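Enquirer: Mind folding the following:
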Amino acid sequence: MAGTQHAGTMQKFPIDIQGEWRHVDLDIKSGKLPEEQKKDLLHNIGVMRDSIIMFTATGAARGVSGHTGGPFDTAPEVAILQALFTGKSKDDYVPVVFDEAGHRVATQYFLCALNGDIPAEHLLHYRAANSKLPGHPELGLTPGVKFSSGRLGHMWPLVNGVAMANRDKVTFCLGSDGSFQEGDDAEAARLAVAQQLNVKFLCDDNNVTIAGHPSDYLKGYSMKKTLEGHGLKVLEAEGENIDSLYAAISEAIATPGPVAVVAHRLMAPGVPGLEGSPHGHEVIAVDKAIPYLESRGVKGAAEILKSIKPAPVPYLPVGSSKEYAATRSEFGEAVVKVLEKAGADKRKNVMVIDSDLEGSTGLKAIHKAYPECFVSSGIMERGNFSAAAGFGFAPDKFGVFSTFAAFLEMIISELTMARLNHANVLCHFSHSGVDEMADNTCHFGINNFFADNGLSDVESFLYMPADGAQMHAIVDKVFFQHGCRFIFSTRSKTPYLLKEGTQDRFYGPDYVFEPGVDEVIREGTDLWVVSYGEMLYRCVDAVDRFNSVTKGSRAGLINKCTLNAIDEKMLQRIGNGKVLIVESQNYKTGLGSRIGTWLLERQLTPKFKRMGTMKEGCGGITEQIPFQGLAPEDILSALHQLNTPGN
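Expert: Modelled structure (predicted):
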């Protein structure tokens, strides 16, 4: 097998996707596969699966991660749909392979290459920055991609609308036992039944999600029974038996109205080291991909994968340590310390609930240390948050909830209910901002201030530490406080801030966090930078460099670690000079607009500038921050601009 060389590519894709793919014209009404068509479908499934293993492994090689098992699993369904969309009866179908598991984006990129929208060689840049192959499909970004999936479990409701607009056609949507845990699908199922929409929901039931097996952490959960309860006809199939799967899809198409096909299979079937394992949910490692591809007769794969290396990031920020720590992981370690000090009796009044992300949000450390306080739950952010709030309904009890910051937008109504019920719930939202977000725009955690939706007579604070040490101090201070509290962290690691001109950590062992008080990191005169979180060490770099070369003006730096609290003394201190707000939150909804309002309300009118996230992402890891114009060089340039007379 060999690909075709295209301009701008360094290497050939080792599989000739278009050349190897066989046209199959299915007679779906018969419900049975003739032997020759069965042979061709199995061949196409192999081409797709080999290709997915090949190009997703490049994500592992370059250090941008990815997802292999999901798109590998659903190759049989996709091969059947592709045959339907290109056969004699193609006008009977909406020709889009909608998929509500966005991380299965490799399916969409494979189809882009198969349909000639991108050269196959471009797949070798999977999830690389500026490749237009981010971690979730985005309409308008990648040539050939026909929809934006958004986050997990958000597609079926939209597909219902597509079906309403195309009542004379069959509309398909791929799902999974993970995506179906989201509440959106329950609403979508009821609407599809009530309106008798011609939607066929093809569900991959592999009993694997990020954190484990749904059969373990969601006992009693059954896709079949749940869907039947909503009124759908449900057909079960053996996902790796093409005759069984084809017969079920044929019957679903022949049946008017909404039908679900639940395909049972192991995760990543036939892939050594991944089959049936949560590891299959993630990207396949290079050392597993190479022997698999070689066993399949794919030549040249090892050479290509071994030639791809992570891009080095040699930048050493000024004013921070060489040591880095993940604040999202430090959250879990900090909670463990708090619970240890609390003692067994008080720990009985604490419940920590996970949403299938304990390894990503830092909760794994809590699960390991105090399993009696821990609840492993599914991909059900609204319900899990409300359960944590309900546990904290009594004054002496405290719930803890955690997920990605992007998913904060999903619990706003539930948050209002928690406040109205005076619930004690501590929320940790990791993956805030845009730094190292290879999943790209739909996973940007840039609307954290949506959490501050209570009225002014209710105290409910938002905190974001600058580094791992401050994370421990914040958790220690606010863990057993009452009400709704929010702590944010990033996906990326951050260095420890240093005191000016020293190698001493700014947040040393004697530091005590005081909620609501802005902290001066660098003293200034008439020019001030206000920042927080992962942008603070970048601001330290810019401020220290600015002060080293600038005469007549000294830039100061403030850590606004309590994001939504007004520090009157600090506002008066900065309000008559020049102010630069730096954050990776949404430029429209972030801190900058708030501080500007607070200053004007006090008749303070400094020269004012703000920086934040303003556009959809570029993919990749370290490239996201500079792509938004938020790198230290950009901050330094903004300082010089703000300090220039006449500007």
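
Enquirer: what pLDDT, on average, does stretch 430-443 get?
Expert: For stretch 430-443, mean pLDDT rounds to 97.

Enquirer: So what's the gap between it and the chain middle?
Expert: Stretch 430-443 has its C-alpha centroid displaced from the chain centroid by 6 Å (Cα atoms, centre = their mean, to the nearest Å).

Enquirer: how long is that stretch end to end?
Expert: End-to-end distance of stretch 430-443 (Cα to Cα, to the nearest Å): 11 Å.

Enquirer: Just the buried residues of it, please?
Expert: Buried residues in stretch 430-443, counted by 16 or more other Cβ atoms under 10 Å: 430-443. From N, CA and C alone the C-beta is placed, and that goes for glycine too.

Enquirer: all strands of the stretch 501-647 of the chain, in order?
Expert: 519-522, 527-531, 555-559, 578-586, 607-613 (DSSP state E, counting those that start in this stretch).

Enquirer: just the angle between the fourth one and strand 527-531, please?
Expert: Calculated by axes from the mean of the first three to the mean of the last three Cα atoms, to 10 degrees, strand 578-586 forms an angle of 20 degrees with strand 527-531.

Enquirer: now swap in the third one and tell me
Expert: Here strand 555-559 runs at an angle of 20 degrees relative to strand 527-531 (the same axes, to 10 degrees).

Enquirer: quick one: strands adjacent to strand 555-559?
Expert: Applying DSSP bridges, strand 555-559 is found paired with strand 519-522 (antiparallel), strand 527-531 (parallel).

Enquirer: Quick check: mean pLDDT of it?
Expert: 98.

Enquirer: Now do the SS call for P312.
Expert: coil (DSSP: H, G, I helix; E, B strand; the rest coil).

Enquirer: Give me the contacts around stretch 149-156.
Expert: 98-103, 105, 136-137, 147, 173, 175, 178-182, 184-185, 188-189, 192, 199, 201, 379, 406-407, 442-443 (Cβ atoms under 8 Å, 6 or more residues apart in numbering).

Enquirer: can you check stretch 109-121 too?
Expert: Against stretch 109-121 from outside (Cβ under 8 Å, 6+ apart): 3-6, 9-13, 15-18, 21, 48, 51-52, 55, 71, 78, 82, 97, 122-123, 126, 133, 142-145.

Enquirer: Would you mind finding the longest helix in the chain?
Expert: Longest helix of the chain, by residue count under DSSP state H: helix 35-62.

Enquirer: If we go by neighbour counts, what in that one is buried?
Expert: 37, 40-41, 44-62.

Enquirer: which strands and helices sit next to it?
Expert: Using 3 or more Cβ pairs under 8 Å, 6 or more residues apart in numbering; DSSP states H and E, the elements in contact with helix 35-62 are helix 17-20, helix 69-73, helix 75-86, helix 106-114, helix 242-254, helix 286-295, helix 301-307.

Enquirer: Kindly reformat the ones you listed as CSV containing distance to D168.
Expert: Converted to CSV, the helices and strands packed on helix 35-62 look like this (distance: least, Cβ to Cβ, whole Å):
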stretch, distance to D168
helix 17-20, 31
helix 69-73, 30
helix 75-86, 16
helix 106-114, 24
helix 242-254, 14
helix 286-295, 43
helix 301-307, 44
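
Enquirer: residues in contact with the residue nearest to the spatial centre of the chain?
Expert: For the chain, the residue nearest the mean C-alpha position is H443 (3.9 Å; Cα atoms, centre = their mean). By Cβ under 8 Å, 6+ apart, H443 lies in contact with G135, H136, R151, F404, A406, H431, M437.

Enquirer: any idea how far the closest residue to W528 other than its chain neighbours is from L557?
Expert: Spatial nearest neighbour of W528, chain neighbours left out: I574 (4.3 Å); criterion: Cβ to Cβ, 6 or more residues apart in numbering. Per Cβ to Cβ, to the nearest Å, I574 is found 11 Å from L557.

Enquirer: can you check N349 too?
Expert: Counting by Cβ to Cβ, the gap from N349 to L557 is 39 Å.

Enquirer: picking that back up, which of the contacts of H443 lies closest to Y532?
Expert: Closest to Y532 out of these is H431 (15.9 Å), distances taken as Cβ to Cβ.

Enquirer: Report the residue ranges of every domain in this structure.
Expert: 17-307, 321-643 (automatic domain parsing).

Enquirer: a markdown table for those domains, including distance to V313?
Expert: Shown next, in a markdown table, are the domains of the chain (distance: least, Cβ to Cβ, whole Å):
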| stretch | distance to V313 |
| --- | --- |
| domain 17-307 | 10 |
| domain 321-643 | 5 |
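
Enquirer: So which of the contacts of H443 wins on neighbours?
Expert: Within the contacts of H443, most neighbours by other Cβ atoms under 10 Å means M437, with 30 neighbours.

Enquirer: That one touches A405, doesn't it?
Expert: No. Assessed by Cβ atoms under 8 Å, M437 is found out of contact with A405, at 10.1 Å.

Enquirer: okay, and the common contacts of the two?
Expert: What both M437 and A405 touch, as defined by Cβ under 8 Å, 6+ apart, is the set H431.

Enquirer: first vs last residue of stretch 512-525, how far apart are they?
Expert: 26 Å.

Enquirer: And it, what's buried?
Expert: So for stretch 512-525, counting by 16+ other Cβ under 10 Å, buried means F513, D518, E519, I521, R522, G524.
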